[in-house]
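# next comes the sequence, and after it the predicted model I'd like to discuss.
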Amino acid sequence: MLRYVTTNRGKVREAREYLGSGVQQLDFDYTEIQAPELGPIAARGAREAYRYADAPVLVDDAGLFLSAFDGFPGPYSSYVEDKLGVDRVADLTLAEENRRASFRCVLAYCDGEGFDASPDPVDRADRAVAAAEDDAGEETDALPVKLFEGVVRGRIVDPRGDGGFGYDPVFEHDGTTFAEMTAAEKNAVSHRGRALAKFGEWYRERTQ
Ligand code: IMP
């Protein structure tokens, strides 16, 4: 049974549209390391969650990247949402000429086994940890993590709609904010939907 690792129920709702109702939420608050990219954060979280759950896990790390601010808040989106709030982020962006934005989502899968990188990247950063543990005569197995990424481009607008979660009301794609879409409509174009589609195709083959 696959565990979707997040404390956010909105993410799980969207994941179930792709992966079926059998996906279980693992409400596990993994350590979010400070890094300029989502991949290493998600990979690290997947290893930690796998060790905790001792079962296949999928970690979902996402962020909002604003062009006017050189990609900020990106991996810090959650902190910025907590401290400033979505409306304030929108106000700051609307004061700029450039309102372009993108959402990115990285899904990191770990089941304790290895796999081919192609066509998606594999994070093997655990090797250094494994080598260090080796010297200490401890656990030697590195934990490979497979990464799936999805991106959607849009622009920041005044808040509209009451669906979705997080920055959805202020993110407009093709004239509609994510909060004005149904879960299925959002999934069809969203960063998470795109990453989930890639993952789902790969996972079905793996588990056949
Ligand atoms: P995290 O991936 O749970 O750390 O989320 C990072 C931040 O991005 C949080 O503030 C979320 O609310 C926000 N976020 C993640 N995915 C989405 C989305 O699909 N729509 C709107 N906000 C999102």
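It's in. Numbering: from 1, shown residues only.
# how about the residue in the chain that the ligand sits nearest to: what's its closest non-neighbour residue?
Evaluated by Cβ to the nearest ligand atom, the chain has Gly166 as its residue closest to the ligand, separated by 2.5 Å. Where you see a C-beta, it was placed from the backbone N, CA and C, and this is true even at glycine. Excluding the flanking residues, the one nearest Gly166 by Cβ to Cβ, 6 or more residues apart in numbering is Glu81, at 6.3 Å.
# one more: Leu19?
Gly200 (5.9 Å).
# touching, Ser102 and Arg153? I think so.
Yes: between Ser102 and Arg153 there is a contact under Cβ atoms under 8 Å: 4.8 Å.
# what are the phi and psi values for the residue nearest the centre of the chain?
In the chain, the centroid-proximal residue (Cα atoms, centre = their mean) is Asp61; its distance is 2.6 Å. Per-residue torsions, Asp61: phi -120, psi 130 (degrees, to the nearest 10).
# for the closest residue to it other than its chain neighbours, which three-state class applies?
Among residues not flanking Asp61 along the chain, Ala42 sits closest, at 3.9 Å (Cβ to Cβ, 6+ apart). Assigned by DSSP: H, G, I helix; E, B strand; the rest coil, the conformation of Ala42 is helix.
# again, but for Asp60
Quick answer, by three-state DSSP: Asp60 is strand.
# any idea what it is bridged to?
Leu107 (DSSP bridges).
# quick check: buried residues in stretch 143-163?
143-150, 152, 154-157, 159, 163 (16 or more other Cβ atoms under 10 Å).
# and the nearest residue to Ala117 once chain neighbours are set aside, what element?
Nearest residue to Ala117 in three dimensions, chain neighbours excluded: Lys146, at 7.9 Å (Cβ to Cβ, 6+ apart). Per DSSP states H and E: Lys146 is located in strand 145-156.
# partner strands of the helix or strand that comes right after that strand and their direction?
Tracing the chain C-terminally past strand 145-156 and defining elements by DSSP H and E, one meets strand 171-173 next. Neighbouring strands of strand 171-173 in its sheet, by DSSP bridges, are strand 145-156 (antiparallel), strand 176-177 (antiparallel).
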